[in-house]
Structure formats: structure tokens, C-alpha cells
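S.K.: following is a predicted model, sequence given first.
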Amino acid sequence: MSTTAELLKGAAELFPDEVVTQAHVRHFDLPLGAGRFALITLDNGHDHTKPTTFGPASLANLNTALDQVEKEAADGEIVGVGITGKPFIFAVGADLKGVEILKEYEHALAIGKGGHEVFKRLSKLAVPTFAYYNGAAMGGGVEVGLHCTYRTVSAALPAFSLPEVFLGLVPGWGGCTLLPNLIGADKAVSVIIENSLNQNKQLKGKQVYELGIADAIFEGADFLEQSLIWTASVLKGEIVVDRPVIDRGEAWDQAVAKGRFIADGKVHGAAPAAYRALDIIAAAKNGDLQQGYDAEDKALADLIMGGELRAGIYAFNLVQKRGKRPAGAPDKNLARPVTKVGVVGAGLMASQLALLFLRRLEVPVVLTDIDQERVDKGVGYVHAEIDKLLGKGRINQDKANRLKALVTGVLDKAEGFADADFVIEAVFEEMGVKQKVFAEVEAVAPAHAIFATNTSSLSVSEMASKLKHPERVVGFHFFNPVAVLPLLEIVRGEQTDDASLATAFAVAKKLKKTAVLTKDAPAFVVNRILTRFMGEIQNVIDEGTPVEVAEKAVEPLGLPMSPLVLLELVGPAIGLHVSETLNKAFPDRFKVSPNLKAVVEAGKRGFYVYDSGKPELDPEVAALLKQGDTVLTEEQVRERVLDAVAQEIGLMLDEGVVAEAQDIDLCLITGAGWPFHLGGITPYLDREGVSERVNGKRFLEPGVASVPA
């Protein structure tokens, strides 16, 4: 038994639930008389929707297949070796279910070494090797191909990435070392750092080819057949693959510096993975591959045994699993069909909602407002956005025409909503206005219609209280920008019935949103937590702490933007409104900042100006600020803010606003861009000891989003 086989056998005992990938070897004669060829196919079963992963047993199977073809190559029985995946899926990398339960550093180190030892064999065979990226390839799936001599990619490939930094790891089976040596440091930094930190941006097949990762691209229908013909031509010398000379001078250093700038902008030094990856890329400049592999092994082990990876996997599972099976959702069979949607309002938010319903449901959508000019503007917005999709090639002319024909605008609600199944309001955030709107809708809509409100903080129950049938009102709170942020808070009012709620969840699924069920509590989930968070920042500023100190205090969290920049994005007036709503409900914890009120009354759109290209405190805002004489340090501000957030989350869970702490994290990740490397907020509060300090207990059990005890 080889050393590699022994290593993998030992590691396999740590992965009892691994979905094992087989590595099937078959032989055939290549076209054009090129000779006998061995093709390894990765496959973990007949379910083509189940991703193919690499755990220790799977790596052992690939290692055994390589034993076979290595002998055949050495004996001159074959002229080349290829590796591909089952239909639609090449491979998606390491088995993270196993990685997250590792407890010992040496076990983590063994995972890195095991992957390297197997994959490296592809580059050491006595014959050329070929990777055929026929479908989705991520992480280790990308890396196994990087060890091959040549690569082809399907034009139909939907997703290709090295997402490790996004999760709190590094591409540790050759990615950090081989990719910059293949396509140059600048392109490699874009794939490994920039795309990963940009919410795990995926590449399409064409982009993989244009970056130089693949040497040839073929259509999906006959991808493997064409790849084998191309392979035969390469082996016969009829096609010579020319790759550009890699610039190992100043350009390499500039690329690494660019990566550090990107990482600083995204995680502000608070998460180590991106910086470890950049260190390995920087060292790879000398072309010493084994040195790079050793550095990858150590980085993998260090990060696997750290909290960031566990939080990243936890966050990934929340989005991929819990987000698709919402806790507390009623029986989906109770949902009613939605064949027409009404939208009350035709402003920007309402128009965004109309566009989303139109694109995802492809049913008639009708907007109403108080005058024809507003209605026309709303419909015009939707038409313009459809034209943009057409111009980008996202839809064809026929579909553009069909979508435009489905959206209309009317002034008369009776005319527009008489046959609507689902009506959503997006009007001014004031209870009386919303109650009046729903009363008007109830008078003309059919008895089965569901009424949804996009309120960000008002009581759904109170909104429905004056209706004859309050049971069909449900909260349907989107986050701006509607097309980008996945979260949809679905709020059950005191009298909302199961059929209405089930319909809301069914619609959310068709809209491709991550739906979370919340209790009808002030500001629901995201806005309540963010308002408490930002409220404490405003409080310490009001008390005397300089703005820059208060802002810098929370940088270690690695949030996508600072609190006051976020306030500017939300809009100070909206922030003030939500804080006033929460102040009425919980006056002991939510204050209304007099300085924020002054900023809103002065018509300022934020605290900053950007004349120098970076945010600087607006002199006019500075003149408005009235501060006390209590000045806190960054550490004191951070402790106070985190204590406030931990307290609020504890109270929300006690109140049953959501089912579990996991729903809090899912909401913040998908609705507020909370970093994956934090796992949301509760794992961070647990790791930092804040949860126990404030509430006397952790939010999550040890081992959940943390290293097992």
C-alpha cells in the first residue's frame, strides 16, 4: 500500500458520512488514429443533481484509478489520460461535511496533503493528461484539472469558481500555486480573491476559456466528443497549445497588492483567509510548486482549525439548506394559484416589485397609483428594464414583447384588481395610509385574493385589523435593491391563516427569494437588529465620541460597509422612521438620535461627502452635530455595540420573533450582506464571548459554527 493510500485510509475514518465518488476508468481508441486512451469519470451515483465531492474515500478511489493508468502509461499501453465528470457536474471540491467536524490539527493537515498527493500524480504521469470540464466545477474540482497538462471547457458550463476564500479557506489543493503560474497573478487574484469575496461570483464556460484556464471550448451538446477529437489532434502534434509567458516581475507584485486592497475593502483585515491566499500567490512568483503546495497544506490546516471556516460552512448551509426549507412554513399544498398580481403604488420600490413578479411569475401584473403620471412612470420603468435585459442578451425579442404586454397600469383599483390573486402594497410607510389602501383593495378584489404588505416596520396585525377578512393579510418585506438582496421576511399577523401564509411562501419560492417566517413584531428581524446596532453607534456619537472613532470601532467585524455609509444607503429618513417606530415599542433600548433627526430635517442624504474620492464628514453635518463630553475608545464602542446586539437578539429569541438563532443569521446574511466568514452574527458573538457575558449562555451549541469541543 502506498503512503498516499495509507494517509487517505486513515483520514477516511474521520468522514463517516461521506458521499463517496467513484473514479471509473474506461479505454478506447482516439479518433484520427491517435492511439489508445484512458478516461477517468468521476461519479457519485445516478442522481445527476447531487454534486460530486472529494472526501478521503473519494480521493482514495481516484488514487486507485491513477495506480492503474500510471502502470499503463509506463508500459506504453496508452497515449494519454483524461478526467471528466458525470453529466452536468465535473466536481465541486472537498467534502465540507467532513471538514467541519475535524478536531485535531494533524487530521486537518492530512486532508491537505492527501489531496495534493493524489492530484499531483496527474502531472507526473508518463503521458499527457487532459481535464474535460463538462459541468459545474468548484474548489477541488477546478484544482484537479489544474494539475493536468491540458484542459477543455463546455460552453454550457454554468458555474466555475474557487470559492474557498468566501468560506474561510484557501484553494489548498494547488489553486493558489498553479493558477497564477498558468494565467498570471493578476487574473488569478481576480478568480481567487475578487470573485470569491464578491459573494462567490461564478464564471461561465466562455470566461474560463478567455481567462486561459481552458485551452479549448466546445458546445455542450457534443462536448466530450469534440474534446476527444481535439485531444487526438494535440497528441498527433496537429494542434500546438501556446500559452503566454507569465510576467514574474513588477506585474506580479502589483497583482498581489491589488488583491490586498480588495481584501481590505471587503473584510478590513478581520478574516485571515484572503490574506493567507495572497501570501501563497506572492510566494508562487518563483515557480517553486512544491513550496507552494506545502504552504497550502499549512494554510488549510490552520484555517480548518479556526473559527472562520466553521462559520463560513455554517453560513453556506444556512443559505443552501435552511433557506430552501423555511422553518415554520405551512403545508405547501394549502397554497393557492397566483395567475395575476396587483401592485398598489408605482414609485421606485413598487416598480421594482412589479418587475420581479413579472420576470419570475410571467403572469399579468397591474400597477395603480393616485394619478396617471405616476402610473405611466411605473410602467415605463418596467419597460425600460426589460429593454435593458434585451440589450444584454438576457432575453430575446419575443420574450421582451410578451413581458411588456403583461404589465399594465390603471387608476381604478376595481378595474385592475377584480381578478387579482395576489395584491402587494408599496405605499408611504404610515399606518393610516396602508389601512386605507387595504380597505379599498378588499372592496374590489376577489374573496380568495391574498393581501401583502411590504412594510419595513409597521404592525401587520394592526394593518389588517379593520378589514372584514384580516386572515388574508401577510407581511412580505423585501430588501433594497430588490433584484439583488435575496431575503424576504414573511410576517404572520395575529389572524393570518395557513392558506394565505402558504401562498406567500409559494410565491416567494417562485420569486427565487430566501423566505424566513417572522412573528409580527416591531421591525421584524433585520431592521430591528440593524437599528439597535446603528442606534448604539449614533448614541456614542451623540454622547461625545468622534464620528471616525465610532465608525472605525466596528471594522474588525469585516462588515461590507461602515454603519454611517449603510445609513446613507438606506436613507437617513427611513432610518429615523424605523428608530421612531422601535422607540415607541421599546423606549428603554431604542433612542431617537437628536443628531440624526437634525440631519434628516436639514435634508441631508448622509453624513459624508465624497469630493476627495473617499468618505469625509460633511462640514454642514459636522456643524449640525451636538455632542456631549463622553469620549469612548474604539474598544469601548465595539463592546457596547456588540453587547446591545447580543441583548436584542436574546430578547427576540425569547419573544419568538423567529424559530431559532439560525434564522437570525440567515436574515442578516441574505438581507444585510452580513459576512459569510462571521456566519451571520450569533457565531461571532459566541466566539467573542459576548453572548455569555450578556445573556449568560451561547446562542449556538459548541461545535455549531465553531471547532468541536
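M.R.: Arrived safely. Values in this document were obtained by computation on a predicted structure and should not be read as measured data.
S.K.: in three-state terms, label the spatially most central residue of the chain for me.
M.R.: Nearest to the geometric centre of the chain sits Gln199, at 4.6 Å (CA atoms, centre = their mean). Secondary structure state of Gln199, per DSSP: H, G, I helix; E, B strand; the rest coil, is coil.
S.K.: any figure for the gap between it and Val484?
M.R.: Per CB to CB, to the nearest Å, Gln199 is found 9 Å from Val484. C-beta: built from backbone N, CA, C; applies to glycine.
S.K.: shaky segments in this structure?
M.R.: 1-7, 10-14, 46-49, 709 (pLDDT under 70).
S.K.: now the longest helix seen in it, how far from the chain's geometric center?
M.R.: Ordering each helix of the chain by length in residues (DSSP state H) puts helix 634-655 first. Computed by CA atoms, centre = their mean, to the nearest Å, the chain-centroid distance of helix 634-655 equals 25 Å.
S.K.: next one: stretch 658-674
M.R.: Averaging C-alpha positions (CA atoms, centre = their mean) puts stretch 658-674 13 Å from its chain's average.
S.K.: can I get that stretch in CSV, CA atoms only?
M.R.: Extracted C-alpha coordinates of stretch 658-674, given in CSV (Å, rounded to 0.1, in the frame of the first residue of the first chain):
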residue,chain,number,x,y,z
VAL,A,658,-38.1,33.7,14.7
ALA,A,659,-37.8,30.0,15.4
GLU,A,660,-34.1,29.8,16.2
ALA,A,661,-30.8,31.8,16.2
GLN,A,662,-30.1,30.3,12.7
ASP,A,663,-32.9,32.3,11.3
ILE,A,664,-31.4,35.5,12.7
ASP,A,665,-28.2,34.7,10.9
LEU,A,666,-29.9,33.7,7.7
CYS,A,667,-31.7,37.0,7.7
LEU,A,668,-28.6,39.1,8.2
ILE,A,669,-26.6,37.2,5.6
THR,A,670,-29.2,37.4,2.9
GLY,A,671,-30.9,40.7,3.8
ALA,A,672,-28.0,42.8,5.1
GLY,A,673,-24.9,41.3,3.4
TRP,A,674,-23.5,40.2,6.8
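S.K.: what's the helix or strand for the residue lying closest to Met561 once chain neighbours are set aside?
M.R.: Among residues not flanking Met561 along the chain, Leu569 sits closest, at 7.1 Å (CB to CB, 6 or more residues apart in numbering). Taking DSSP states H and E as the definition, Leu569 sits inside helix 563-570.
S.K.: so which elements touch that helix?
M.R.: helix 526-543, helix 547-553, strand 608-609 (3 or more CB pairs under 8 Å, 6 or more residues apart in numbering; DSSP states H and E).
S.K.: which parts of it are buried?
M.R.: Residues Pro563, Leu564, Val565, Leu566, Leu567, Glu568, Val570 are the ones in helix 563-570 that count as buried (16 or more other CB atoms under 10 Å).
S.K.: one more: stretch 370-384?
M.R.: Arg374, Val375, Lys377, Gly378, Val379, Tyr381, Val382.
S.K.: next step: these restricted to helices.
M.R.: Arg374, Val375, Lys377, Gly378, Val379, Tyr381, Val382.
S.K.: could you identify the most distant pair in those?
M.R.: Using CB to CB, the two most remote members of these are Arg374 and Val382, lying 13.3 Å apart.
S.K.: just the helices in the stretch 201-350 of the chain please.
M.R.: Along the stretch 201-350 of the chain, counting by DSSP state H, counting those that start in this stretch, helices occupy 205-210, 223-235, 250-267, 273-283, 289-304, 307-320, 348-361.
S.K.: out of the ones you listed, nearest to Gly80?
M.R.: Per CB to CB, nearest to Gly80 of these: helix 223-235, 5.7 Å.
S.K.: of the helices and strands packed on helix 563-570, flag the one that's most buried.
M.R.: helix 526-543 (a mean of 23; mean count of other CB atoms under 10 Å).
S.K.: output that helix as CSV - backbone C-alpha positions only.
M.R.: What follows is helix 526-543, C-alpha atoms only, in CSV (Å, rounded to 0.1, in the frame of the first residue of the first chain):
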residue,chain,number,x,y,z
VAL,A,526,-33.1,42.7,10.0
ASN,A,527,-34.3,46.3,10.7
ARG,A,528,-34.6,45.6,14.4
ILE,A,529,-31.1,44.3,14.7
LEU,A,530,-29.6,46.9,12.4
THR,A,531,-31.4,49.7,14.2
ARG,A,532,-30.1,48.6,17.5
PHE,A,533,-26.6,48.2,16.1
MET,A,534,-26.6,51.6,14.3
GLY,A,535,-28.5,53.2,17.2
GLU,A,536,-25.6,52.4,19.6
ILE,A,537,-23.2,54.0,17.1
GLN,A,538,-25.4,57.1,17.0
ASN,A,539,-25.7,57.1,20.8
VAL,A,540,-22.0,57.2,21.4
ILE,A,541,-21.6,59.9,18.8
ASP,A,542,-24.3,61.9,20.5
GLU,A,543,-22.6,61.4,23.8
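S.K.: I figured Val525 hits Leu517, correct?
M.R.: No: with contact defined as CB atoms under 8 Å, Val525 does not reach Leu517; the gap is 10.1 Å.
S.K.: and the longest helix of the chain with helix 563-570, angle?
M.R.: If you take axes from the mean of the first three to the mean of the last three CA atoms, to 10 degrees, helix 634-655 sits at 50 degrees to helix 563-570.
S.K.: circling back: and which of the ones in helices among the buried residues of stretch 370-384 is nearest to Arg359?
M.R.: Val382 (9.5 Å).
S.K.: which secondary structure state does His477 sit in?
M.R.: Of the three states, His477 takes strand under three-state DSSP.
S.K.: isn't it right up against Ala508?
M.R.: No: using CB under 8 Å, His477 is not in contact with Ala508, being 10.9 Å away.
S.K.: what sits in contact with each of these two?
M.R.: Leu488, Ile490 (CB atoms under 8 Å, 6 or more residues apart in numbering).
S.K.: tell me the phi and psi of the residue with the largest distance to the centre of the chain?
M.R.: Distance from the C-alpha centroid of the chain peaks at Asp75, with 48.2 Å (CA atoms, centre = their mean). When quoted as degrees, to the nearest 10, the phi and psi of Asp75 stand at phi -90, psi 0.
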